[in-house]
Structure formats: C-alpha cells, structure tokens
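Colleague: Next one to model:
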Amino acid sequence: MVTQEQRKRQLAREKFLRQQQRRTAARRKARVRNSVIGLVLGVVLVGSLALYTSGVMKDDDKTSASAQTSPSAAPSKAPDPCEKAAAGKVKTETWKKEPAMSIDKSAKYTLGLATTCGEIDIALKASAAPHTVNSFDFLAGKGFFDHTKCHRLTTNGIYVLQCGDPTGSGSGGPGYTIPDENLKDKSLKSNVYPAGTVAMANTGQAHTGGSQFFLVYQDSQLPPSYTPFGTISASGMKVLKKIAAAGESTGAGDGAPNATVVINKATVTKS
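Modeller: As a prediction, this is how the structure comes out:
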C-alpha cells in the first residue's frame, strides 16, 4: 500500500518532470526563433528544476521565464552584492572519456571556489565519491571552471545555486559523464539534501553527471539521485546565503541569480 509520504514524493517527482518537459520545449522554440531572425544576441539561459541537460534540475532560457511573468508583475531586481569578475575567458575544451583515476581515495581534498561574491571552500568526499572528486580534480586542473557563471538559483521548493556549466546555459558539460556515487550517504535522510551539501547535477537518468553541480543553502526535498560529494564550510555558507538573499531574476523562484556569481578560479587541494 502506498503511504501518504510516498504519494507526496511521487507527485513532487511528476511535477519536476512536467516542468522539465515544458521548459525543454520552450528552449527549443526560442532557439529556432533566434536562428530565423538571425540576431547576433546571446540568449541568457537559466536553469529549471533539473541539473544538467534534461534532468530533474534542468534549465530554460530567460525568454520562457519572462513569458511566465507579465511585465506588470515583473519583480524589481535586488542590488548585486558581488564584485566585478576577473579578466579572462571561459575555456571550451571537452574530452571524450572520463579521466583516469589519479586521486588518493584515502586522502583529504578541498575544492576552493574563488567567486566574485567571496570564497566558497568545500570539503570533498574522496572515499565515498572517488569518480566525482577525481573528475573535479582533473577539470579544475585544466581551468575548466574558471570564469564560468553560476547560472541558476532556486528559491522555491528546493534551495540551490547551480554552477559548473561553461556555456552558462545549463546544457553544457565536459564531454564525458561519470557514474552516480554515494547515493546512500548518511546525511541524506528522508529524501532531504541538507544545507551545506554539494551534489552533482544530472539528466534524471543514471550515470549522466558531468561538470554541473549544485550547492544547497537550505534543506531541500529531493530524491536521492544526485551524487553528494562535498560539504560547504561555514564561511562558504555565509557567501552562499548572501547570494540567495539577492534573489533570482524571474520572481517565480527559479531563474538566474540577481547576484553576478562568477567562479574566477577553482582549485582542488590535497591535504
């Protein structure tokens, strides 16, 4: 017999999938429109509730988001609490295969994100999520995350900042995928990703993680389908909450952050 709690989770999952399908269609329509009119304008894409290409935490473009909010209801934008981004360009290199394992699974690793809003340090779970940590060590060493924007902030239902896409659209990645790991982490209780968790985005299918990840600034109800691979430091949480307090661009609870969050430099350190 299905319990009330199981039914509630099922309905939430179905809602996520419906949102994802609508936003995928809207984004595809926007791309066709842009190619027809031939405008040389960048379309700023924002994430939906799927993390990475077409998953439970996906992204749509600003056009579809604004279509859901009438001009008269458009929110006033909060002041940007962050600094100007450092000079530099996003790298576009991709790879066909997951990098060979090179980390020491028994060692401690820290991911340092030097952002325009402040430093966010993340203690990585190398022994529990070795493929994920190894991938981040590889990509950070290649400068893959440097100068990339955190393109999505969700302030309703779930509470996350999504980063790690060099295209800033929510559909980019390193060219390869990595397996899901650590989905039975003891921190994930009652399908809640607690504040301070860093987890991988995916398409909603198994083993589809790439480079996109999300930082949880408030306990968030999600199915245990996203590899939890790190924990944010106390000082990093202050930075994250400052970003969240500035809000997102649509006023609907899911859009580009008002804060200009750019990762100037990402570094993985072994200790």
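Colleague: Distance check, the nearest residue to residue 88 once chain neighbours are set aside against residue 100.
Modeller: Leaving aside its chain neighbours, residue 88 sits nearest to residue 147 (4.5 Å; criterion: Cβ to Cβ, 6 or more residues apart in numbering). The way it works is simple: take the backbone N, C-alpha and C, and place the C-beta from them, glycine included. According to Cβ to Cβ, to the nearest Å, residue 147 stands 26 Å off from residue 100.
Colleague: neighbour-wise, which of the two wins?
Modeller: Looking at residue 147 and residue 100 with other Cβ atoms under 10 Å, you find the greater number of neighbours at residue 147, namely 18 against 7.
Colleague: Next up, the contacts around residue 214.
Modeller: Contacts were defined as Cβ atoms under 8 Å, 6 or more residues apart in numbering; by that measure residue 214 touches 51, 57, 160, 161, 162, 163, 198, 199, 200, 201, 226.
Colleague: Sort out for me which of the residues you listed are in helices.
Modeller: Using DSSP state H to define helices, no part of these is located there.
Colleague: Nearest to residue 122 among those?
Modeller: Nearest to residue 122 out of the contacts of residue 214 is residue 198 (Cβ to Cβ; 5.2 Å).
Colleague: Tell me the pLDDT of the residue nearest to residue 233 when sequence neighbours are not counted.
Modeller: Closest residue to residue 233 apart from its sequence neighbours, by Cβ to Cβ, 6+ apart: residue 121 at 4.3 Å. Per-residue pLDDT puts residue 121 at 98.
Colleague: Can you name the residues bridging to residue 121?
Modeller: residue 112 (DSSP bridges).
Colleague: Quick check: it vs residue 202, distance?
Modeller: 24 Å.
Colleague: Give me the below-cutoff pLDDT ranges for the stretch 101-250 of the chain.
Modeller: The stretch 101-250 of the chain contains no residues with pLDDT under 70.
Colleague: residue ranges for the strands of it, please.
Modeller: Taking DSSP state E, counting those that start in this stretch as the test, the strands found in the stretch 101-250 of the chain are 109-115, 118-124, 148-149, 152-156, 158-163, 192-193, 197-200, 213-216, 220-221, 228-232.
Colleague: In a markdown table: these, plus distance to residue 255.
Modeller: A markdown table is the format used below for these (distance: least, Cβ to Cβ, whole Å):
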| stretch | distance to residue 255 |
| --- | --- |
| strand 109-115 | 19 |
| strand 118-124 | 21 |
| strand 148-149 | 13 |
| strand 152-156 | 7 |
| strand 158-163 | 11 |
| strand 192-193 | 20 |
| strand 197-200 | 20 |
| strand 213-216 | 15 |
| strand 220-221 | 17 |
| strand 228-232 | 22 |
